[in-house]
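In: quick one: sequence plus predicted model below, questions after.
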Amino acid sequence: MTTNAASILIVDDDLNTLKMVEQFLHLKKYQVTACLTFADAQREMKRGQFSAAVLDYFMPDTTGLDMMRALHATAPDLPVIILTASRDVKIAVDCVKNGAFGYLVKPVDPDELYVTLDKAFEHRKLTQENRRLKLDLKDRYKFEHIVGQSGRMMEVFDLTARAAKVRSNILILGETGAGKELIAKAIHYNSDRAAGPFIGVNCSALAESLLEAELFGIEKNVATGVDARIGKFEAANGGTLFLDEIGDMAANLQAKVLRAMQEREVERVGSHTPHKVDIRIIAATNRDLPMMIERGEFRRDLFYRLNVLVIPVPPLRERRDDIPALCEHFLAKYCAENRLSPKKLGPDALALFMGHPWPGNVRELENTIERAVVMCDGDTVTARHLPPGFSAAPAALHASGNGGDVHITAPLEEMVNDFERRIILKALEDNDWRQNRAADALGVTERSIWYKIKKLGIETRRNEREPEE
């Protein structure tokens with residue numbers, strides 16, 4: 001904000017002080033509205049918006065604090081600076097605790113006034129920017145903005161929506177790159193904690209001692225010169241703490257995390273003073289925690305604390321019908337980021353994408369699309385724009401009943417549906433048309449294959465075997 005655009009409201013029953021502060025502000029080209037009474041100030045507030053307010057603490061019929069509360073009722077972000085002839089520290093503390101940005105003692109020092117106003121404008125700008133970013137994040141992580149229409153993802157969305165409505169701990173399971181953090185953020189930004197912070201910690205990225213300090217903070221140590229620092233538990237107060245890859249956490253640290261979850265308080269490293277925290281825990285892992293419990297590598301009691309609501313995120317190879325939509329999403333994203341004209345995915349590239357095993361899941365798909373956008377000069381991404389050695393899994397490309405190759409002879413959606421239909425028909429044929437066995441063969445749930453059969457209009461029938469001669 002430039003100073004000549006800032007409009008300042010001054011309220012003081014002392015005419016000399018009022019005129020003096022008004023002159024100081026005019027020197028800096030501020031637009032100034034001066035009022036001798038709060039009634040006049042209220043009328044001025046109704047006529048227009050102000051960038052800041054300078055209020056006298058002692059007024060004949062009110063106080064600076066009461067005026068500030070009234071102003072904040074209609075303009076919550078308005079920075080308020082209180083003026084008073086008193087040097088009572090208690091008054092200054094009360095003003096700041098009740099929402100004043102600053103406190104100046106009369107007679108007003110112009111330089112101190114200018115510095116305080118500059119800081120107030122910067123603080124207001126940061127507050128508004130922070131609020132805007134939070135709204136953007138909340139909009140970005142709306143459920144309808146998460147790409148996925150497969151049966152498996154419908155189950156994930158259902159569990160995610162349920163998780164956002166409650167305050168229970170959440171455990172998200174899935175392979176690396178499957179989108180566990182995306183689900184965690186969707187839960188947070190659609191919950192009643194959305195206004196609070198979302199703090200993520202990768203438990204596999206730090207050594208045990210460093211991770212402990214990262215989670216719980218450090219107490220100031222004069223002897224060693226270490227300054228106090230809050231940990232992620234305290235930083236997440238009022239919001240959500242996301243413990244990614246919790247299966248890689250050391251056993252000793254697991255015990256401390258368990259206590260923090262139970263007691264809702266933490267002790268910083270080097271301190272015995274507890275600090276209360278109000279947080280929700282969302283944990284994620286790609287490990288088999290029950291197996292780790294049997295081997296003594298993960299605490300059973302911590303597992304039960306986390307295992308309240310479990311959300312399994314399927315790997316990309318188990319929801320291939322989401323691949324075209326994901327490709328379109330990432331193509332649009334990276335074309336926009338690189339200020340390129342829109343691009344589409346060619347049928348030869350799509351065929352490779354549909355058959356690729358995707359060991360790196362959605363993250364690998366995103367990176368592949370980003371590279372293809374950079375390498376493609378035209379408006380269509382083809383197979384030659386994909387990384388060297390990129391190929392489809394042979395078994396997936398020969399999924400029809402007679403083992404024939406996939407042919408690109410139809411529009412995108414029709415081609416994808418035909419591809420899936422042949423895979424499912426092949427699985428049903430190989431398993432005597434029993435959907436549960438076909439689902440096991442494809443690595444999906446029975447509900448998912450039922451959903452796809454209905455969507456694709458596949459007629460199911462039992463295999464009628466001819467009598468043996």
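Out: Right, received. Where do you want to start?
In: any figure for the gap between Pro312 and Gly443?
Out: Distance of Pro312 to Gly443, given as C-beta to C-beta, to the nearest Å: 13 Å. Backbone N, C-alpha and C define where each C-beta goes, glycine included.
In: which phi and psi values does the closest residue to Leu182 other than its chain neighbours adopt?
Out: Excluding its sequence neighbours, the residue lying closest to Leu182 (C-beta to C-beta, 6 or more residues apart in numbering) is Ile146, at 6.6 Å. Backbone torsions for Ile146, taken as degrees, to the nearest 10, come to phi -90, psi 130.
In: and Leu9, by the same measure?
Out: Here Leu9 shows phi and psi, under degrees, to the nearest 10, equal to phi -100, psi 130.
In: what's the neighbour count on it?
Out: By the measure other C-beta atoms under 10 Å, the count of residues near Leu9 is 24.
In: part of a strand, is Leu243?
Out: Yes: the assignment for Leu243 by DSSP: H, G, I helix; E, B strand; the rest coil puts it in a strand.
In: Three-state assignment for the nearest residue to it once chain neighbours are set aside, please.
Out: Spatial nearest neighbour of Leu243, chain neighbours left out: Ala283 (4.4 Å); criterion: C-beta to C-beta, 6+ apart. Following three-state DSSP, the label given to Ala283 is strand.
In: ok, now Ile423?
Out: With three-state DSSP as the basis, Ile423 sits in helix.
In: now Thr33
Out: strand.
In: so it makes contact with Ala6?
Out: No: the pair Thr33 and Ala6 does not pass the contact test of C-beta atoms under 8 Å, sitting 11.7 Å apart.
In: show me where the stretch 151-300 of the chain has helices.
Out: 151-165, 180-189, 208-216, 232-235, 251-263, 289-294, 300-306 (DSSP state H, counting those that start in this stretch).
In: report the contact partners of the nearest residue to Leu55 once chain neighbours are set aside.
Out: Spatial nearest neighbour of Leu55, excluding adjacent residues (C-beta to C-beta, 6+ apart): Gly64 at 4.4 Å. By C-beta atoms under 8 Å, 6 or more residues apart in numbering, Gly64 lies in contact with 55-58, 82-84, 95, 100.
In: again, but for Glu22
Out: By C-beta under 8 Å, 6+ apart, the contact set of Glu22 is 10, 32, 34.
In: doesn't it lie inside a helix?
Out: Yes: membership of Glu22 in a helix is supported by three-state DSSP.
In: that older thread, who has more neighbours out of Pro312 and Gly443?
Out: Pro312 (15 against 11).
In: okay, and the beta partners of that one?
Out: When bridges are called by DSSP bridges, Pro312 pairs up with Leu173.
In: hmm, back to that, around the residue nearest to Leu182, how many other residues sit close by?
Out: Around Ile146 there are 18 residues (other C-beta under 10 Å).
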